[in-house]
Structures are given as structure tokens and as C-alpha cells.
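*Asks:* how would this look folded up:
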Amino acid sequence: MKAILTMTLAILAGLATRDVFAAAPESQLQGTWTLVAADRLLPDGRRVDDYGASPTGRLIIDAHGRYSLQIFKSERPRFGADDKALGTADEFASAVLGSSTHYGTIAVNAQPHTLIFRIEAASFPNWEGRNQERDYTLADGILTYRVPPRPDGAIPISVWKKLD
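*Replies:* This next block holds a predicted model:
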């Protein structure tokens, strides 16, 4: 009887693990991704650019779940001086508001289909040491996720295309 119970538990554990790994595309996330879109979904339902008409970005995820993410607004003006310490208030504001960068580890929660970014460091220091969950879809080499709503109700949406 003990052998049957042990075998049954092993089978159930195997099935549970199989379902988690079948639903969780960790291996599909590994690699290098390029930004396709960085938009905002407004409370009225309109979808608008968040980082300009042609944002650029890179998301790299390794086999251990470590990631590095950068998003940049293409239309950021260059600083007048060739020394970033000499930037004007407007140049600093444009540089900060025109970029979003962070790194840490990423995990997949198969149910309810969320990515969990465990942020170690970020260009926005308030995110450091926090976890952020993001609803996502992954199909045909395109990763799309929604960032939690901002105070104004807008929901940032990032779309990435796998390069490798």
C-alpha cells in the first residue's frame, strides 16, 4: 500500500510539474528581444505612443532568469554640452522621462499568466527592491505585457520581438 501511495504521489507531482513547465515559457523568454512598441492605453480606451513614434529598446533574459531592460524615446534631444554633468534642467528632464531601464530577475507565473520582475536596480529608484507583476502574452516570437496602471489611469504596454 505504501508503494502505491508513493507512486501515486510521484505521478501527481510529475503531472503538476509538467503542467507548470508546459504553461510557463521560461525557455521561450530566454534570449535577446528588441522593442517593437511602447504605448499607453488611456482610460478612454485610446492607445497612444508612450516613448515617441519610434522607441528603441532591448530586453535580454538569460537561462537563469536574470534580465536587463532598456527603453528609450528616440526623439530625446542631445545635450548642448558634451558633458552630461553640464546639462540644463530641460535636458535632464528629457533624458529621465525619455528612458526606462532596470535589471534583476524575471519569473513566470503560469496562472494567472503574469511575468514577475524582481527589480534590483532601476533608472527610477522607487522601483528598486520591488516586484512588479505584468499580464503578458507570448505568441510567434512576440512578447506583449501590460505594466500596472499609472496614477492617471494609463496602462503602459510594451511589445518585444525576439531576435534569437
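
*Asks:* Now do residue 16, the pLDDT please.
*Replies:* If you check residue 16, the pLDDT there is 41.

*Asks:* quick one, helices of this structure?
*Replies:* Secondary structure of the chain by DSSP state H: the helices cover 2-23, 26-29, 89-97.

*Asks:* wait, isn't residue 135 in contact with residue 113?
*Replies:* Yes: in this structure, residue 135 is within contact of residue 113 by CB atoms under 8 Å, at 6.4 Å. Just so you know, the C-beta spots here come from the backbone N, C-alpha and C atoms, and that holds for glycine as well.

*Asks:* related to what we said a few turns ago, now tell me which of the helices of the chain the model trusts least on average.
*Replies:* helix 2-23 (a mean of 41).

*Asks:* all strands of the chain, in order?
*Replies:* 31-41, 47-49, 56-61, 66-72, 99-109, 114-122, 131-139, 142-146, 155-162 (DSSP state E).

*Asks:* Paired strands for the shortest one, with orientation please.
*Replies:* The strands beside strand 47-49 in its sheet (DSSP bridges) come out as strand 31-41 (antiparallel).

*Asks:* now do the fourth one
*Replies:* Taking DSSP bridges as the criterion, strand 66-72 sits next to strand 56-61 (antiparallel), strand 99-109 (antiparallel) in its sheet.

*Asks:* Relative to residue 88, which of those is closest?
*Replies:* Nearest to residue 88 among those is strand 99-109 (16.9 Å), distances taken as CB to CB.
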